[in-house]
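[1] can't give you the sequence, but here's the structure:
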């Protein structure tokens, strides 16, 4: 039957895409990422020192400090040191620090080097449990996985005066704690006529402003380049999914968005870009990111850099500002910003608008189909604020989409109902022309034309569902707002799979099944609703089609069991609405709804006459 063929084709195509992606792309990529991470963690690093290298100079002689360049790592003279990989708290105690404390962040600034190298996110935890540790974003040099931001000056061509670096001990001048209302001031005198001053300020979320000033009390003019960098040592654990970028990222003015994977940078070594006047660059994880932002309108030269020494991988995103000439008796200023925090959609968008970080919204990977994905999130977020539960917001969005697509779906289901009415005539044509396929198809098309039936209409409901499915999947996967978002009952994280399993009787048996057997309650509900929806149509006469028709819900049930619970809830709810909608239309068209009869046929429980006919 043509309607069943179309329905099977549409569902089968979507199933092939999902199964292929899950088992031939996403699955192997996750496994490769896990193995790589284990190999990296197994390597023993004996020292935090790295082999000195000579970074590539820029025009005019400026050189951004890199892993391996003198003064780029280590601690200040006279400061206690801790072995590489030491406990975080132990390392923090080896240097003088200024505390950071805001509604969203907690951490400290290292006065050795003036680095922002200790940041944790107050409002996010590693696991759902309320006593789980909070997320640690930045970590100082000497720990297992250093990750920090550094700002300063490098000498122009011919300049020999000392400038502050990674080992410089800054002096605290004003403020003992950086908060959203109290900035912190530090300074360093090079003893050669240059005084370097710095003011750190921070908003109530994740944006830190670094205002540098250089005063020249000497007798000669000095030329310096301002710089900023974010450095990360060790390859972080990544999802390694093609639908999400994790790695180095930046919007480089007219050169556009640049996304560089860690392994690609390892192959390239260095990626330099032409100077620009707007943009930002840094590193992004799935939910967190760190980015340095030059002053809009001022020319800067961006770069991504990789270095390895003693089996330690180091990745760096940096920029070098314009050459600054500081005449005797004068001073010059430079302002940079650092974003370090959670990729909250509203916060990211607000920084795009104020202070005006160009295209900062690209920090969130909305994908190629952003024109579907972003409106999907906006609708979910608006409904969440109205209802107070993202799960209910998903159900509400599904209803809205059903209403929006109602005219198309109505025509589709009406056409399917009309096709069902002419099944006796189609059966007669098949019998009449069973030995002449061409004549059979011609007669069927004439019948469709006479009855004004579109034989492809049965595909439409499923085809419409596919882009919505992937848009919702993307939203659930990339947005931090969905992370650890609860529904009701046992679903405490809509972005994670249903944690229950029928194979341990939903927790009654004290046994944790393997991932392939994690078949939870919501996937089962989805499978049942899909089975019922497909039973609105009788079994196809072709045995192969009938087998596909019968087993498709089972395949989808197991396949979607490993998908985010929010996605499975959406699919189950959408199936339920489709059942009511199609049943209503069928009754209106005078077509009987025979779910139970069709179910018995699918299970081989039909009458003897039906079995013989089949």
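    Thanks, I have the structure now. This structure is a prediction, so every number in the text was calculated from the model and none was measured.

[2] Residue 384 contacts residue 391, doesn't it?
    No - the criterion here is Cβ atoms under 8 Å, and residue 384 misses it with residue 391 at 9.4 Å. C-beta here means a position set from N, CA and C on the backbone, and glycine is covered the same way.

[3] ranges for the helices of the stretch 501-614 of the chain?
    Along the stretch 501-614 of the chain, the segments classed as helices by DSSP state H, counting those that start in this stretch run 521-534, 543-560, 565-588, 595-602, 608-613.

[4] want to throw the ones you listed into TSV with mean pLDDT and mean neighbour count?
    What follows is those, written out as TSV (pLDDT from 0 to 100; neighbours: other Cβ atoms under 10 Å):
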stretch	mean pLDDT	mean neighbour count
helix 521-534	92	21
helix 543-560	82	17
helix 565-588	89	20
helix 595-602	72	16
helix 608-613	48	10
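
[5] buried set for stretch 350-357?
    350-352, 355, 357 (16 or more other Cβ atoms under 10 Å).

[6] Same question for stretch 506-526.
    For stretch 506-526, by 16+ other Cβ under 10 Å, it's 506, 518-526.

[7] next one: stretch 241-251
    241, 243-251.

[8] which two from those residues end up farthest apart in space?
    Farthest-apart pair in the buried residues of stretch 241-251 is 241 and 251; separation 22.0 Å (Cβ to Cβ).

[9] any low-confidence regions in the stretch 201-350 of the chain?
    239-240 (pLDDT under 70).

[10] which among the buried residues of stretch 241-251 gets closest to residue 87?
    residue 246 (26.4 Å).

[11] shouldn't the closest one be in contact with residue 287?
    No - Residue 246 lies out of contact with residue 287 (Cβ under 8 Å); the separation is 9.9 Å.

[12] From residue 337, how far off is the nearest residue to residue 362 once chain neighbours are set aside?
    Nearest residue to residue 362, sequence neighbours excluded (Cβ to Cβ, 6 or more residues apart in numbering): residue 257, at 5.2 Å. Separation of residue 257 from residue 337 (Cβ to Cβ, to the nearest Å): 19 Å.

[13] who has more neighbours, these two?
    residue 337 (22 against 14; other Cβ atoms under 10 Å).

[14] what's the closest of the buried residues of stretch 506-526 to residue 204?
    Distance to residue 204 across the buried residues of stretch 506-526 (Cβ to Cβ) is lowest for residue 522, with 37.4 Å.

[15] OK, contacts around that closest one?
    Neighbouring residues of residue 522 by Cβ atoms under 8 Å, 6 or more residues apart in numbering: 491, 498, 565, 568-569, 572.

[16] Next step: the buried residues of stretch 241-251 restricted to strands.
    Using DSSP state E, the members of the buried residues of stretch 241-251 that fall in strands are 247-251.

[17] Which parts of the stretch 201-350 of the chain are helices?
    262-268, 345-353.

[18] Relative to residue 315, which of these is closest?
    Here helix 262-268 is closest among the helices of the stretch 201-350 of the chain (Cβ to Cβ), at 6.2 Å.

[19] picking up where we left off before, just name the closest of the buried residues of stretch 506-526 to residue 404, please.
    residue 526 (22.0 Å).

[20] and the closest one, how far is that from residue 114?
    54 Å.

[21] cool, and residue 447?
    Per Cβ to Cβ, residue 447 is found 81 Å from residue 114.

[22] who has more neighbours, those two?
    Each of residue 447 and residue 114 has its neighbours counted (other Cβ under 10 Å); residue 114 has more, 26 against 16.

[23] That one and residue 149 touch, don't they?
    No - look at residue 114 against residue 149 with Cβ under 8 Å: they stay out of range, at 9.9 Å.

[24] re earlier: can you list the ones in strands among the buried residues of stretch 241-251 in CSV and add distance to residue 422?
    Listed next are these as CSV, based on distance: Cβ to Cβ, whole Å:
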residue, distance to residue 422
247, 56
248, 60
249, 57
250, 60
251, 57
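
[25] Closest to residue 555 out of the residues you listed?
    residue 247 (34.1 Å).

[26] who's in contact with that closest one?
    Residue 247 neighbours (Cβ under 8 Å, 6+ apart): 238, 259-262, 264-265, 283-284.

[27] Can you tell me which of these are classed as buried?
    Neighbour-count burial (16+ other Cβ under 10 Å) is assigned, among these, to 238, 260, 262, 265, 283-284.

[28] Make JSON lines out of those and add distance to residue 98.
    Shown next, in JSON lines, are the buried ones among the contacts of residue 247 (distance: Cβ to Cβ, whole Å):
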{"residue": "238", "distance to residue 98": "32"}
{"residue": "260", "distance to residue 98": "33"}
{"residue": "262", "distance to residue 98": "31"}
{"residue": "265", "distance to residue 98": "32"}
{"residue": "283", "distance to residue 98": "24"}
{"residue": "284", "distance to residue 98": "27"}
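
[29] from those, which is closest to residue 512?
    residue 238 (25.1 Å).

[30] hang on, isn't that closest one packed against residue 284?
    No - using Cβ under 8 Å, residue 238 makes no contact with residue 284, being 10.1 Å away.

[31] where do the helices sit along the stretch 351-500 of the chain?
    Using DSSP H, counting those that start in this stretch, helices in the stretch 351-500 of the chain cover 370-387, 390-404, 406-421, 423-432, 437-451, 460-478.

[32] quick revisit: among the contacts of residue 522, which one sits closest to residue 325?
    So of these, ranked by how close each gets to residue 325 (Cβ to Cβ), first place is residue 565, at 59.8 Å.

[33] what sits against the nearest residue to residue 582 once chain neighbours are set aside?
    Sequence neighbours aside, residue 413 is the residue nearest to residue 582 in space, at 4.7 Å (criterion: Cβ to Cβ, 6+ apart). Residue 413 is in contact with 461, 581-582, 585-586, counting by Cβ under 8 Å, 6+ apart.

[34] Redo these as JSON lines? Include distance to residue 328.
    Formatted as JSON lines, the contacts of residue 413 follow (distance: Cβ to Cβ, whole Å):
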{"residue": "461", "distance to residue 328": "77"}
{"residue": "581", "distance to residue 328": "81"}
{"residue": "582", "distance to residue 328": "84"}
{"residue": "585", "distance to residue 328": "86"}
{"residue": "586", "distance to residue 328": "90"}
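
[35] Apart from its chain neighbours, what residue comes closest to residue 347?
    residue 205 (5.3 Å).

[36] right, and that neighbour touches residue 340 too?
    No - here residue 205 does not reach residue 340: they are 10.3 Å apart, not a contact under Cβ under 8 Å.

[37] Looking at those two, which one has more neighbours?
    Taking neighbours as other Cβ under 10 Å, residue 205 and residue 340 compare with residue 340 leading, 25 against 19.

[38] what stretches of the stretch 1-150 of the chain score poorly on pLDDT?
    1-63, 66-86.

[39] thinking again about what came up before, now for the helices of the stretch 501-614 of the chain, which one comes closest to residue 142?
    It's helix 565-588; of the helices of the stretch 501-614 of the chain, that one is closest to residue 142 (Cβ to Cβ) at 40.0 Å.

[40] burial count for the closest residue to residue 400 other than its chain neighbours?
    Sequence neighbours aside, residue 379 is the residue nearest to residue 400 in space, at 7.1 Å (criterion: Cβ to Cβ, 6+ apart). For residue 379, the neighbour count with other Cβ under 10 Å is 17.

[41] ranges for the helices of the stretch 51-200 of the chain?
    According to DSSP H, counting those that start in this stretch, the helices that the stretch 51-200 of the chain contains are 88-92.

[42] Many thanks, I have nothing further to ask.
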